[in-house]
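Student: Here is my input, please return the structure:
(chains A and B)
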Amino acid sequence: MKTIEEINEKIRKGQAVIVTAEEMLEVVKKKGEVKAAKEVDVVTTGTFGPMCSSSIYLNFGHPAPRIKIGGGTCFLNGVPAYAGLAAVDVYLGATAIPPDDPKNLYYPGEFSYGGGYVIEELVSGRSILLEATSYGTDCYPRKELRSYFSLKNINEAILFNPRNCYQNYNVAVNSSDRMLYTYMGILKPNFGNANFCSAGVLSPLLRDPEYYSIGIGTKIFLGGGIGYVAWHGTQHNPSVERTSEGVPKRPAGTLAVIGDLKQMNGEFLRGASFVGYGVTLIVGIGIPIPVVDEKVAFWCGIPAEKMFAPVVDYSKSYPERKPDILGEASYAELFSGSIKVGERTIPTGALSSFVMARKIAGILKNWISSRSFELTNPVAKLPGKESGVKMKGFETKEKIQ
Amino acid sequence: MKISERVVLKFPRELVDKPTISNLVKKYDIEFNILQAQVLPQKEGLMVIVFTGEENVVKHVLKELKNQNIILQRLKQDITKDDKICTHCGVCIGLCPTNAFYYDGSTRKVLFDYEKCITCMLCVKGCMVRAIKIKF
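Tutor: Below you'll find the model as predicted:
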């Protein structure tokens, strides 16, 4: 048993043993979890995938004369930002698209620009066009504002993502006879491909399946800078079916994360488009797991063969919100290039970059070993499997109850 | 020696209604495989085609096409995966019907084998960060 304070003391002295989640698998395999827990102090994880529930909020500072954008309208490079806050605070989501985008009018639409791209350009230091209108008041007389700005000359830019880091996710297939254009990518007809989205053995919440280490307040690598876990993410669903080791077999936990955009960089926040679906943001996240005891080492030693994702038909079950699945695939299979579903062998494609996940876990490892990043005790736990927290569907009602 | 040459042909408007490929095949002993074609009346035509035959015969065919004012580009120069943009996720790997995209064993980077590409363009549409481009 080690405390986080003891691990931090070792980090400060340069004596801590830090490994990536990939390296930890080997350590546990060779030495067992008891020895691994004694020898290793920190395991670093990483993930890099499209995460639609991502956003920024900005404070521009006040122009002279002043304008009250709150209650007015605001566009950033032509993309609508939410202006229902105070005078010069606005909020921009990753999936926002310009009002003149043809969307799926000429199906499948290209969705070549939107919020995710504005976030990437802003964090990369590029100039962004701000266009705002307002109705004018005695204290905020200006009615129009058109100006370029960049990250360094505004007060605050905060990345705040209500749902990132999905602990496990669906494998998407298409049983129909036509091509499907989804948020899981292009799905070829007649089970032509199977797309999955997880960093597998590097994925933060798959290495901490019961939210033993990661909690509210945990300091993390976020978009190339430092961020924190703010809350459990939306749709957090801890009570799904799990393996005997405790690893969820369905999409389960999620994280809400927050951090200063000014420290981040465009390599780890990438605008992206799914043809026929829309715009999103690819987010890079890395979370350190303190190896306080054998339990942590045990979870970090679970191989890809013992982690499973559900195979879901996106031609019917998913859009109709039917609970049925076509089977399960292990992450070893998914990463091998093909999965078996019934009698069929289906080639797999990944939406989450393992190359980037590995890079993030490596950077975090370097930050910790160079003493520029210490670990935190969570200030509160995430709801676990015993919490009773469950993701609900939305039951539509035509009349006031 | 038998060779295969993959080319993009751009037909000028006045040639679109002529049986150009058919005439060539009658004249020379050559196999062809049309990978993609967009030939509309009164418009410029575009064709992606593979010619297979003896090296000197293929060269003759290409020369004759050029002489007919058809713009000719070798296909493999037209498909690019920009590694500065690519995140190496691998969504293209599941889409590609000929395994032209594949993971490098140890680094898991996504590599592209031009020779296997049949320009179905699924990867161009499917790439989230638009790292794959095709230029005719």
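Student: my guess is residue A:278 meets residue A:93, correct?
Tutor: No: Residue A:278 lies out of contact with residue A:93 (CB atoms under 8 Å); the separation is 11.0 Å. Glycine gets a C-beta too; all of them are placed from N, C-alpha and C.
Student: Now that we're looking at the closest residue to chain A within chain B, what pLDDT does it have?
Tutor: Using CB to the nearest CB, the closest approach of chain B to chain A is made by residue B:94 at 2.4 Å. Note for residue B:94: predicted pLDDT of 96.
Student: For the stretch 1-150 of chain A, what lies in contact range of chain B?
Tutor: Applying CB under 8 Å from any CB of the partner chain, one finds that the stretch 1-150 of chain A approaches chain B through A:48-50, A:108, A:112.
Student: Show me how to select, in ChimeraX, the buried members of these.
Tutor: With 16 or more other CB atoms under 10 Å in any protein chain shown as the criterion, this ChimeraX line picks the buried residues out of these:
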select /A:48,49,50
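Student: Check the residues of the stretch 1-150 of chain A next to chain B and tell me the two furthest apart.
Tutor: Of all pairs drawn from the residues of the stretch 1-150 of chain A next to chain B, the one with the largest separation by CB to CB is A:48 and A:108; the distance is 24.8 Å.
Student: Output the contacting helices and strands for the host helix or strand of residue B:57.
Tutor: Residue B:57 is part of helix B:55-67, with elements assigned from DSSP states H and E. Judged by 3 or more CB pairs under 8 Å, 6 or more residues apart in numbering or on different chains; DSSP states H and E, helix B:55-67 is in contact with strand B:2-11, helix B:20-27, strand B:45-54, strand B:71-74.
Student: What's the mean pLDDT across the helix or strand following the second one?
Tutor: In other words, helix B:20-27. Next helix or strand after helix B:20-27 toward the C-terminus (DSSP H and E): strand B:31-38. The predicted model assigns strand B:31-38 a mean pLDDT of 84.
Student: buried stuff in strand B:31-38?
Tutor: Taking 16+ other CB under 10 Å as the basis for neighbour counts, none of the residues of strand B:31-38 comes out buried.
Student: again, but for stretch A:74-88
Tutor: Within stretch A:74-88, the residues that qualify as buried are A:74-77, A:79-83, A:85, A:87-88, counting by 16+ other CB under 10 Å.
Student: Can you tell me which of these is closest to residue B:82?
Tutor: Sorting those by distance to residue B:82 puts residue A:77 at the head of the list, at 22.1 Å, by CB to CB.
Student: Contacts only, for that closest one.
Tutor: The neighbours of residue A:77, taking CB atoms under 8 Å, 6 or more residues apart in numbering or on different chains as the test, are A:113, A:117-118, A:121, A:128-129.
Student: Now list the buried members of the residues you listed.
Tutor: In those, burial by neighbour count holds for A:113, A:117-118, A:121, A:128, counting by 16+ other CB under 10 Å.
Student: how about the residues of the stretch 201-350 of chain A near chain B?
Tutor: Residues of the stretch 201-350 of chain A lying close to chain B (CB under 8 Å from any CB) are A:270-275, A:280, A:282, A:337, A:347-350.
Student: Angles on the backbone of residue A:238, please.
Tutor: Note on residue A:238: its backbone torsions stand at phi -70, psi -20 [degrees, to the nearest 10].
Student: ok, and the closest non-adjacent residue to it?
Tutor: In space, and not counting its chain neighbours, residue A:238 is closest to residue A:385: 4.8 Å by CB to CB, 6 or more residues apart in numbering or on different chains.
Student: Now do the SS call for that neighbour.
Tutor: coil (DSSP: H, G, I helix; E, B strand; the rest coil).
Student: returning to that earlier point: among the residues of the stretch 201-350 of chain A next to chain B, which are in strands?
Tutor: Assigned to strands by DSSP state E, the following of those qualify: A:270-274, A:280, A:282, A:347-350.
Student: So which of those residues is the closest to residue A:290?
Tutor: Checking those against residue A:290 with CB to CB, the nearest one is residue A:282 at 27.4 Å.
Student: sorry, back to before: verify the stated contact: the residue of chain B closest to chain A with residue A:334.
Tutor: No: counting by CB under 8 Å, residue B:94 does not reach residue A:334; the two are 10.4 Å apart.
Student: Including pLDDT, could the residues of the stretch 1-150 of chain A next to chain B go into CSV?
Tutor: Formatted as CSV, the entries for these read as follows, by pLDDT from 0 to 100:
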residue, pLDDT
A:48, 98
A:49, 98
A:50, 98
A:108, 97
A:112, 97
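Student: Point out the residues in chain B that sit beside chain A.
Tutor: Along chain B, the residues adjacent to chain A under the rule CB under 8 Å from any CB are B:87-95, B:103, B:107-109, B:122, B:125-126, B:128-130.
Student: Just the buried ones out of the residues you listed, please.
Tutor: Using 16+ other CB under 10 Å as the burial test, the residues of chain B next to chain A include B:87-95, B:103, B:108-109, B:122, B:125-126, B:128-130 as buried.
Student: Let's see which of these end up in helices.
Tutor: For these, membership in helices holds for B:91-95, B:122, B:125-126, with DSSP state H as the criterion.
Student: Would you point out the most distant pair within these?
Tutor: The widest separation within those, taken as CB to CB, falls between B:93 and B:125 and amounts to 14.7 Å.
Student: picking that back up, confidence-wise, which of the helices and strands packed on helix B:55-67 is weakest overall?
Tutor: For the helices and strands packed on helix B:55-67, mean pLDDT drops lowest on strand B:71-74, to a mean of 83.
Student: quick one: average pLDDT of the following helix or strand past that one?
Tutor: Note on strand B:71-74: by DSSP H and E, the next helix or strand toward the C-terminus is strand B:79-81. When the per-residue pLDDT values of strand B:79-81 are averaged, the result is 85.
Student: Who are the packing partners of strand B:79-81?
Tutor: Packed against strand B:79-81 by the contact rule (3+ CB pairs under 8 Å, 6+ apart) you find strand B:110-112, strand B:132-134.
Student: ok, residues contacting it?
Tutor: When contacts are defined by CB under 8 Å, 6+ apart, strand B:79-81 is touched by residues B:110, B:112, B:114, B:117, B:119, B:131-135.
Student: Run through the helices of chain A in chain order.
Tutor: For chain A, applying DSSP H gives helices covering A:4-13, A:21-39, A:115-123, A:204-207, A:294-300, A:331-336, A:354-369.
Student: mind putting those in TSV, mean pLDDT included?
Tutor: As requested, the helices of chain A are exported to TSV (pLDDT from 0 to 100):
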stretch	mean pLDDT
helix A:4-13	98
helix A:21-39	98
helix A:115-123	98
helix A:204-207	98
helix A:294-300	98
helix A:331-336	98
helix A:354-369	98
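Student: Tell me the gap between the helix holding residue B:57 and the middle of its chain.
Tutor: In terms of CA atoms, centre = their mean, to the nearest Å, the centre of helix B:55-67 is set 17 Å apart from its chain centre.
Student: what angle sits between it and strand B:31-38?
Tutor: With axes from the mean of the first three to the mean of the last three CA atoms, to 10 degrees as the basis, helix B:55-67 and strand B:31-38 are set at 30 degrees to each other.
Student: List the buried residues for helix B:55-67?
Tutor: Of the residues in helix B:55-67, those buried under the neighbour-count criterion (16+ other CB under 10 Å) are B:57-58, B:60-62, B:65.
Student: Where does the stretch 201-350 of chain A get nearest to chain B, which residue?
Tutor: Checked against chain B (CB to the nearest CB), the nearest residue in the stretch 201-350 of chain A is residue A:349, 2.4 Å away.
Student: Who are the contact partners of the residue nearest to that residue when sequence neighbours are not counted?
Tutor: In this structure, residue A:349 finds its nearest non-sequential neighbour in residue B:94, 2.4 Å apart by CB to CB, 6+ apart. With contacts defined as CB under 8 Å, 6+ apart, the neighbours of residue B:94 are A:185, A:193-195, A:347-350.
Student: Mind telling me the two of those farthest from one another?
Tutor: A:185 and A:347 (12.6 Å).
Student: And chain B, what are its domain boundaries?
Tutor: Structurally, chain B divides into domains by automatic domain parsing as follows: B:2-76, B:78-134.
Student: Nearest to residue A:8, out of those?
Tutor: Nearest to residue A:8 among the domains of chain B is domain B:78-134; the distance by CB to CB comes to 32.5 Å.
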